[in-house]
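In: coords below, sequence missing:
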């Protein structure tokens, strides 16, 4: 053993040995860091470009890249069937932790309740990675519809439309469709749900006054509401949304049962390495802590709040339980 020098510092021989070990460690670590930075994350989105979910995914992908060592991010839109195609793609993807599904409640909690064979089972095929927000669905009226409130809309349909009206929904057998059914029952109207392949085409028809109104998420509606092109007249939740303080809740206009708010989260294929998923989750938590990101998501109509894997899983199960009761009570039969 080489004795330390009288100064208390390692001898020259020992210093050289330590430097050699450090160099070796650095040489080993460099390929690992490079591999992480070079690895591409596929972020599946079940709705088309231009909608609220797509906008959220692209913002988070942009901000996650530097947090994950410069890893590449590919936002992959697999639109159709309310996110069903994207969920099936997730199930079929390699369980390496680098193919992830950014989605809201509809695909993971609602689809398995309304479709007999959706091609995936969230409880067995997916694992939660992290959640990042809740949001509210809302009833909005197109610019060409003269009504300015739910009461005025009901009166307009009864007196000018023969009691019949169509409302757009971003996907069939969705929370918006059940909202339309409940509104029809509550106010004695013949309301038809007009399903679209996502919110973007629904908004296009609302902006063109091809349809009287629609039910969608606040992130999908907020910008056109602010510009006056559509009017949000009622929102889900047990309280008014901070971003729309003048808009009443559904309960305030007499429609109960829509107090539980939907959620946004990220899921991975079952069997994905937990350490890879945890690294992504921790990076997402840091991104959500950035003032700019929180402000932008809030302005989109989201209530931002990080949920780890266990918390997202608990949220998903609780939400699914609530909607299992609502859907069964409605008499809806899965197709």
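Out: Yes, it's here. This one's a predicted model, so the numbers in the text were calculated from it and none came from an experiment.
In: Going by C-alpha atoms from here, please, whenever you check contacts or count neighbours.
Out: Fine.
In: Which neighbouring elements make contact with whichever strand or helix holds residue 205?
Out: When elements are assigned from DSSP states H and E, residue 205 belongs to helix 199-207. Packing partners of helix 199-207 (3 or more Cα pairs under 8 Å, 6 or more residues apart in numbering; DSSP states H and E): strand 137-142, strand 164-169, strand 213-217, helix 218-226.
In: Looking at those, spot the one closest to residue 277.
Out: Across the helices and strands packed on helix 199-207, residue 277 has its closest neighbour in helix 218-226 (26.5 Å, Cα to Cα).
In: in that closest one, what's buried?
Out: In terms of neighbour count (16 or more other Cα atoms under 10 Å), helix 218-226 has its buried residues at 218-222, 224-225.
In: who's in contact with it?
Out: 51-53, 135-138, 140, 199-200, 203, 230-232, 300-302 (Cα atoms under 8 Å, 6 or more residues apart in numbering).
In: Strands along the stretch 201-335 of the chain, start to end?
Out: In the stretch 201-335 of the chain, the strands defined using DSSP state E, counting those that start in this stretch lie at 213-217, 230-235, 263-269, 303-307.
In: Contacts for the first one, please.
Out: Looking back up the chat, that one is strand 213-217. So strand 213-217 is contacted by 52, 135-142, 145, 166-170, 176-177, 179-180, 199, 202, 206 (Cα under 8 Å, 6+ apart).
In: Pairing partners for that strand, with directions?
Out: strand 137-142 (antiparallel), strand 164-169 (parallel) (DSSP bridges).
In: Buried ones in that strand, by neighbour count?
Out: Residues of strand 213-217 classed as buried: 213-217 (neighbour count, 16+ other Cα under 10 Å).
In: contacting residues for the closest residue to residue 269 other than its chain neighbours?
Out: In space, and not counting its chain neighbours, residue 269 is closest to residue 126: 4.6 Å by Cα to Cα, 6 or more residues apart in numbering. Contact analysis of residue 126 by Cα under 8 Å, 6+ apart lists 91, 267-270.
In: Over to residue 310?
Out: Residue 310 touches residue 128, counting by Cα under 8 Å, 6+ apart.
In: Same question for residue 108.
Out: Contacts of residue 108 were listed using Cα under 8 Å, 6+ apart, and they are 122, 316.
In: just residue 56 next, same as before
Out: Going by Cα under 8 Å, 6+ apart, residue 56 touches residue 297.
In: what about it, is that helix, strand or coil?
Out: Three-state assignment for residue 56 (DSSP: H, G, I helix; E, B strand; the rest coil): helix.
In: Can I get the helices and strands packed on helix 199-207 in TSV including distance to residue 253 and mean pLDDT?
Out: Formatted as TSV, the helices and strands packed on helix 199-207 follow (distance: least, Cα to Cα, whole Å; pLDDT from 0 to 100):
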stretch	distance to residue 253	mean pLDDT
strand 137-142	12	98
strand 164-169	18	98
strand 213-217	16	96
helix 218-226	18	94
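In: rewinding a little: out of the strands of the stretch 201-335 of the chain, deepest packed?
Out: Among those, the stretch with the highest mean neighbour count (mean count of other Cα atoms under 10 Å) is strand 213-217, at a mean of 28.
In: chain center to that strand, what's the gap?
Out: Taking Cα atoms, centre = their mean, to the nearest Å, the mean C-alpha location of strand 213-217 is offset from the chain mean by 16 Å.
In: Over to stretch 45-61?
Out: 9 Å.
In: how much space between the residue nearest to residue 269 and residue 79?
Out: The spacing between residue 126 and residue 79, counted by Cα to Cα, to the nearest Å, is 19 Å.
In: and of the helices and strands packed on helix 199-207, who's closest to residue 45?
Out: Comparison of the helices and strands packed on helix 199-207 against residue 45 by Cα to Cα identifies helix 218-226 as nearest, at 14.8 Å.
In: what angle do that closest one and strand 230-235 make?
Out: 130 degrees (axes from the mean of the first three to the mean of the last three Cα atoms, to 10 degrees).
In: Could you list the domains of the chain?
Out: Split into domains by automatic domain parsing, the chain comes to 36-135+262-330, 137-253.
In: Tell me where this structure has helices.
Out: Using DSSP state H, the helices of the chain run over 12-38, 52-67, 84-92, 105, 111-114, 122-125, 150-160, 175-187, 199-207, 218-226, 274-288, 291-299, 309-330.
In: Tabulate those (a markdown table), appending distance to residue 257.
Out: Formatted as a markdown table, the helices of the chain follow (distance: least, Cα to Cα, whole Å):
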| stretch | distance to residue 257 |
| --- | --- |
| helix 12-38 | 46 |
| helix 52-67 | 24 |
| helix 84-92 | 26 |
| helix 105 | 17 |
| helix 111-114 | 18 |
| helix 122-125 | 25 |
| helix 150-160 | 17 |
| helix 175-187 | 9 |
| helix 199-207 | 23 |
| helix 218-226 | 18 |
| helix 274-288 | 30 |
| helix 291-299 | 25 |
| helix 309-330 | 8 |
